[in-house]
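> based on what follows, work out the 3D shape:
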Amino acid sequence: MNSFYDASKEDASAFAGRVCRESWNNSRFVQVNSDSEHFRSKRRWTYQNLPLSLYPDDIRAIIQKHGWAYFWKSAYSQTGGPDGIGTAVEFANVLQEYRTMAFNLIAMSADDVAAGWDLPLVYTDVIDYKQLKSKKQKTAYAHLFEGLGKAARENDFIILTGESAGLSHCVSSSNPDALFPFNWSGTMNGVSHPSLQINGENIAAGDYIIALEQPWFATNGISKVREAFARKYGPMWFRDAPREEVEQAMAAPIIYARALSEVNGWYSDWEKRVEMGSISHLSGGSMKSKFLDDLLAPRGLSARLNNLFVIPEITRKAVEWLTLHFDSLETAQIYGQDKRDGTPMSMQELFTTWCCGQRMFITVKTEKEAHRLVAEFSRLKIGSQLAGEIITTSKSDTPHLEVTARFEWWKGKVVRVESGNN
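Below is the predicted model:
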């Protein structure tokens with residue numbers, strides 16, 4: 001492996017992904033199954049070359065005759081999806097309400113696994129905190145895990161183990177009043193089976209797109225949300241912002257994993273309720289990154305999204321606040337800006353930053369299947385609706401999204417979001 005990193009030639013995240021890939025041949029007992037080069041991709045793995053004496057005679061005979069690859073083609077493999085809640089902890093400390101943080105945490109990792117058609121089962125977490133001394137700090141810590149236990153019960157997974165560490169000044173907060181500065185992440189592990197794996201290879205123009213409702217930010221683009229609050233309420237926004245708006249910004253997201261797994265057949269001996277063609281989890285990078293760049297553009301396709309959910313009120317407010325000036329250059333620099341001036345958010349940036357009322361897109365082949373899928377999610381108490389269709393990209397054009405904005409001052413306007421860096 002050439003471990004030398006040249007920042008002028010390679011993105012840091014791409015380098016991290018390369019280090020991962022170059023480790024895949026380190027063990028003769030593990031076979032990684034992935035076609036993605038991204039560092040943050042969810043991946044599946046199987047075991048191979050294990051001592052055959054541990055297997056029953058019939059299984060051992062199959063492996064000896066056909067090899068490990070043949071055996072695993074008809075067997076379960078494992079999968080894992082790591083993620084964290086990032087700067088959402090700032091809002092938890094403003095509210096001093098910690099029970100809902102686990103839902104932000106699990107929505108990212110469990111839904112990543114379920115969006116890959118796999119079944120989330122076993123969770124491990126890592127939490128680093130500044131200090132755990134006072135009764136209030138210990139109660140905050142306990143409330144985090146109380147919420148994690150609730151999320152586990154409601155979504156049918158177990159919490160296997162975890163790690164926690166007090167890191168003193170290495171964990172901090174821009175809020176001097178923060179009760180319990182912390183950072184929380186973890187990995188959701190699950191199982192996968194070839195018969196339930198669909199990678200979107202059969203999607204085509206004319207397929208229908210179903211959106212799953214998400215009325216909150218759901219831990220995505222939270223640094224930008226914090227910037228919006230600082231522009232509106234000043235550098236001490238965590239003291240001055242109305243509690244109601246902070247609650248809206250950090251409301252517990254809807255977790256889709258249990259419902260997705262049921263529709264996909266995991267809870268009914270692989271009897272799928274509806275045949276889905278692809279699932280896109282609109283987390284980091286939202287619909288541009290996760291739907292357009294990752295799914296459509298590699299296949300030369302585009303999409304017309306003319307019936308999205310209405311953009312939530314707190315998102316509309318955040319867009320407005322970003323046009324306001326910071327009170328000082330010093331405050332601007334805290335939020336990564338080099339000037340006080342407001343920075344109006346374009347519609348293209350909006351659909352790259354926040355989920356805007358929906359956090360998953362699912363594709364199906366027919367209108368009948370689309371209506372059946374909406375009915376299934378309604379039964380499972382998940383809001384969904386037919387949001388648009390996949391369309392052909394002309395030879396002279398770039399893969400893109402045609403988004404009919406449901407936003408007060410852009411209402412009815414069709415916004416074009418192009419793939420790549422455009």
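> in a helix, that's where Glu247 is, yeah?
Yes - the assignment for Glu247 is a helix, going by DSSP: H, G, I helix; E, B strand; the rest coil.
> show me the contacts for it.
Shown in contact with Glu247 (C-beta atoms under 8 Å, 6 or more residues apart in numbering): Leu95. Yep, even glycine has a C-beta here, placed from its N, CA and C like the rest.
> roughly how far apart are it and Ala257?
Per C-beta to C-beta, to the nearest Å, Glu247 is found 24 Å from Ala257.
> which element follows the lowest-mean-pLDDT helix or strand in the chain toward the C-terminus?
Lowest on mean pLDDT, DSSP states H and E among the helices and strands of the chain sits helix 68-73, with a mean of 68. The helix or strand immediately downstream of helix 68-73 is strand 77-84, counting by DSSP states H and E.
> please name every helix or strand in contact with that next one.
Packing contacts for strand 77-84, counted by 3 or more C-beta pairs under 8 Å, 6 or more residues apart in numbering; DSSP states H and E, involve strand 43-47, helix 101-115, strand 182-192.
> give me the residues contacting it.
Strand 77-84 has contacts (C-beta under 8 Å, 6+ apart) with 33, 40, 42-46, 105, 108-110, 112-113, 116, 118, 120, 183-193, 283.
> stretch 87-99: how far from the chain's middle?
In terms of C-alpha atoms, centre = their mean, to the nearest Å, the centre of stretch 87-99 is found 19 Å from the chain centre.
> break the protein down into its domains, please.
12-75, 83-192, 198-422 (automatic domain parsing).
> His143 contacts Ala102, doesn't it?
No - using C-beta atoms under 8 Å, His143 is not in contact with Ala102, being 9.3 Å away.
> look at those two and report which has more neighbours.
Neighbour tally, His143 and Ala102, criterion other C-beta atoms under 10 Å: the higher count belongs to Ala102, 27 against 19.
> any idea how far that one lies from Val94?
Note on Ala102: its distance to Val94, by C-beta to C-beta, is 18 Å.
> just send the domains of the chain back as a markdown table, with distance to Asp6 too.
Output for the domains of the chain, formatted as a markdown table (distance: least, C-beta to C-beta, whole Å):
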| stretch | distance to Asp6 |
| --- | --- |
| domain 12-75 | 9 |
| domain 83-192 | 28 |
| domain 198-422 | 20 |
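> ok, now which ones touch the nearest residue to Ile314 once chain neighbours are set aside?
Take Ile314 and drop its neighbours on the chain: the residue closest to it by C-beta to C-beta, 6 or more residues apart in numbering is Gln248, 4.0 Å away. By C-beta under 8 Å, 6+ apart, Gln248 lies in contact with Trp216, Pro312, Glu313, Ile314.
> what's the most distant pair in the residues you listed?
Spatially, the most separated pair among these is Trp216 and Glu313, at 10.6 Å (C-beta to C-beta).
> counting neighbours, go ahead and name the busier of those two.
Ranked by neighbour count (other C-beta under 10 Å), Trp216 and Glu313 place Trp216 first, with 24 against 12.
> contacting residues for the closest residue to the more buried one other than its chain neighbours?
Nearest non-adjacent residue to Trp216, counting by C-beta to C-beta, 6+ apart: Ala251, 4.4 Å away. Neighbour list for Ala251: Thr100, Pro215, Trp216 [criterion: C-beta under 8 Å, 6+ apart].
> what's the local residue count around the residue nearest to the second one when sequence neighbours are not counted?
Spatial nearest neighbour of Pro215, chain neighbours left out: Pro312 (4.9 Å); criterion: C-beta to C-beta, 6+ apart. Other residues lying near Pro312 total 20 when counted by other C-beta under 10 Å.
> tell me the contacts of Pro312?
Pro215, Trp216, Gln248, Cys356, Gly357.
> tell me which of those is nearest to Asp156?
Taking these together and measuring to Asp156 by C-beta to C-beta, the closest member is Trp216, at 22.5 Å.
> residue contacts, that closest one?
Trp216 makes contact with Gln248, Ala249, Met250, Ala251, Ala252, Pro253, Pro312, Ile314, according to C-beta under 8 Å, 6+ apart.
> phi and psi next, for the third one.
When read as degrees, to the nearest 10, the backbone of Met250 gives phi -120, psi 30.
> the residue nearest to the spatial centre of the chain and Ala178: what is the separation?
Nearest to the mean C-alpha position of the chain, by C-alpha atoms, centre = their mean, lies Ser283 at 3.5 Å. Applying C-beta to C-beta, the value for Ser283 to Ala178 is 25 Å.
> one more: Tyr141?
14 Å.
> for Val30, grab phi and psi.
Backbone torsions for Val30, taken as degrees, to the nearest 10, come to phi -120, psi 140.
> mind listing what it touches?
Neighbour list for Val30: Trp24, Trp45, Thr46, Tyr47, Gln48 [criterion: C-beta under 8 Å, 6+ apart].
> give me the neighbour count for the closest residue to the last one other than its chain neighbours.
It refers to Gln48. The shortest distance from Gln48 to any non-neighbouring residue, by C-beta to C-beta, 6+ apart, is to Trp68 (4.0 Å). When neighbours are counted by other C-beta under 10 Å, Trp68 registers 16.
> you'd agree Trp68 is up against Ile59?
No - contact criterion C-beta under 8 Å: Trp68 and Ile59 do not qualify, at 11.2 Å.
> mind listing the strands for the stretch 101-250 of the chain?
All strands of the stretch 101-250 of the chain, identified by DSSP state E, counting those that start in this stretch, fall at 119-129, 158-166, 182-192, 208-214.
> which of the contacts of Pro312 fall in helices?
Gln248 (DSSP state H).
> grab the two from the contacts of Pro312 that are most spread out in space.
Checking these with C-beta to C-beta, the most distant pair is Gln248 and Cys356, at 14.5 Å.
> re the thing from before, can you tell me how far the residue nearest to Ile314 is from Ala241?
Distance from Gln248 to Ala241, by C-beta to C-beta: 11 Å.
> identify the residues contacting stretch 225-233?
For stretch 225-233, contacts defined as C-beta under 8 Å, 6+ apart pick out 87, 90, 217, 237-238, 240-241, 245-246, 249, 317-319, 321-322, 324-326, 331, 334-337, 342.
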